[in-house]
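>>> Need the 3D shape of this:
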Amino acid sequence: MPANVRDSIAAEVRAELARQGKTQRDIAAVLDLPQPSVQLRLAGKRSFRAEELAKLAEALGVPVSRFIPEAAA
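Modelled structure (predicted):
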């Protein structure tokens with residue numbers, strides 16, 4: 001995945017977490033990942049897997065498309 005798309009997805013996820021007052025630890029629990037792994041994804045240094053985005057969307061009550069930037073869709 002190109003870095004700019006990865007960064008955009010990370011930014012969309014961070015924005016939704018902020019809107020809902022969720023923390024990296026909250027998301028780590030949802031994804032069953034260590035918090036440092038979540039931190040790398042939120043920083044755009046690692047890509048979110050499709051399954052992870054689906055779990056996040058379900059946990060946050062939003063469509064997966066919320067995380068996909070318009071240019072990548």
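>>> For the residue positioned nearest the centre of the chain, which non-adjacent residue is closest in space?
Nearest to the mean C-alpha position of the chain, counting by CA atoms, centre = their mean, stands Val13 at 3.9 Å. In this structure, Val13 finds its nearest non-sequential neighbour in Phe67, 5.5 Å apart by CB to CB, 6 or more residues apart in numbering. For glycine as for every other residue, the C-beta is placed from the backbone atoms N, C-alpha and C.
>>> After whatever helix or strand Ala29 lives in, which helix or strand is next?
Ala29 is part of helix 24-31, with elements assigned from DSSP states H and E. Next in sequence after helix 24-31, counting helices and strands by DSSP H and E, comes helix 35-42.
>>> angle of that next one against helix 24-31?
100 degrees (axes from the mean of the first three to the mean of the last three CA atoms, to 10 degrees).
>>> distance between helix 35-42 and the chain's centre?
Offset of helix 35-42 from its chain centre (CA atoms, centre = their mean, to the nearest Å): 9 Å.
>>> Show me which residues of that helix are buried.
Val38, Arg41, Leu42 (16 or more other CB atoms under 10 Å).
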